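**Q** Below is the sequence, then the predicted model.
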Amino acid sequence: MKNLLAVYYNFEGRNYQPRELECITDNFDKWLKEHNKDRIADGCEPETEDEFDVEEISPIIYNTERS
């Protein structure tokens, strides 16, 4: 199985809040592009990759059958 990426918004320097899980993805660059497209459509400023912590994860999947 391909490793996935956990994307966390890093609140460091912003009232000392902990980081927040944004998504699990296999392509951070593509996710960030789509994320910013949605933000701009909502009238918000785009975010930069520096605002996120990205960690590789290796999920262990036992149930591979769909119900």
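**A** Structure's in. What do you need?
**Q** Tell me which stretches of this protein form strands.
**A** For the chain, the strands defined by DSSP state E occupy 4-9, 20-25, 52-57.
**Q** So what touches the second one?
**A** For strand 20-25, the external contacting residues (C-beta atoms under 8 Å, 6 or more residues apart in numbering) are L4, L5, A6, V7, Y8, Y9, F11, W31, H35, F52, I57. C-betas here are computed from N, CA, C, even on glycine.
**Q** Output the below-cut-off pLDDT ranges for the chain.
**A** Under the criterion pLDDT under 70, the flagged ranges of the chain are 1, 12-16, 66-67.
**Q** Mind doing that once more with 90?
**A** Applying pLDDT under 90 to the chain picks out residues 1-3, 10-20, 59-67.
**Q** so where do the helices sit in it?
**A** Using DSSP state H, the helices found in the chain span residues 28-41.
**Q** Could you find the residue nearest the spatial middle of it?
**A** V7 (2.8 Å; C-alpha atoms, centre = their mean).
**Q** is it true that that one touches V54?
**A** Yes: counting by C-beta atoms under 8 Å, V7 does reach V54; the two are 5.5 Å apart.
**Q** any common contacting residues for the two?
**A** F28.
**Q** For the residue nearest to the centre of the chain, list the residues it contacts.
**A** By C-beta under 8 Å, 6+ apart, the contact set of V7 is L21, E22, C23, I24, T25, F28, W31, F52, D53, V54.
**Q** Buried ones among the contacts of strand 20-25?
**A** L4, L5, A6, V7, Y8, Y9, W31, H35, F52 (16 or more other C-beta atoms under 10 Å).
**Q** Who does the last one form a beta bridge with?
**A** Spelled out, that is F52. Counting by DSSP bridges, F52 is bridged to Y9.
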